[in-house]
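Colleague: using only what follows, build the 3D model:
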Amino acid sequence: MQRSFRSVETEYLGRVLRATVESVGNDICITVTGGTGHIGSVSIALPRPSLNKPGENSATVSTFNVTGHLDNIIGDAFAKRMASKLNCRVAVICGIHFDGFNETAPAEIGEAANRLLNDIEGMFT
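Modeller: This next block holds a predicted model:
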């Protein structure tokens, strides 16, 4: 795999969520950001055969998470899905922070992040 950068964006209530994908040798590094920039979590997934579905891939994820942050929820999902799909190591650096959250914000941000993940997955099909 050649080293390359690609970016995708989506919106959450008029605010931009962005993912940058970089190939690093045979592996992938994804940075997911939105709002105030920071590093909230770093997730790395290693592909392996599925324990539940013979013949399919899965991945094991290890995470470093900044205390009190929820970025690992998105980072882990991105890392696991892409490592399983691409059968390579995937690292995800995630930092999303928007002021003025309400009760529905986590689900809405999750939906926006899932759109990003679908777009990233589409880069490799």
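Colleague: what does the model give the most centrally placed residue in the chain for pLDDT?
Modeller: The chain has residue 78 as the residue nearest its centroid, 3.1 Å off, counting by C-alpha atoms, centre = their mean. On pLDDT, residue 78 comes in at 97.
Colleague: thought it was touching residue 91?
Modeller: No. Counting by C-beta atoms under 8 Å, no contact exists between residue 78 and residue 91, whose distance comes to 9.8 Å. Backbone N, C-alpha and C define where each C-beta goes, glycine included.
Colleague: re earlier: leaving out the residues flanking it, which one is nearest to the residue nearest to the centre of the chain?
Modeller: In this structure, residue 78 finds its nearest non-sequential neighbour in residue 92, 4.6 Å apart by C-beta to C-beta, 6 or more residues apart in numbering.
Colleague: low-confidence regions, the chain specifically.
Modeller: 1-3 (pLDDT under 70).
Colleague: what does the longest helix along it contact?
Modeller: Longest helix in the chain, counting residues (DSSP state H): helix 105-123. Applying C-beta atoms under 8 Å, 6 or more residues apart in numbering, the set of residues contacting helix 105-123 from outside is 6, 8-13, 17-19, 21, 30, 32, 34, 70, 73-74, 77-78, 81-82, 85, 96, 98.
Colleague: if we use 6 Å, what do you get?
Modeller: 6, 8, 10, 12, 17, 19, 21, 74, 78 (C-beta atoms under 6 Å, 6 or more residues apart in numbering).
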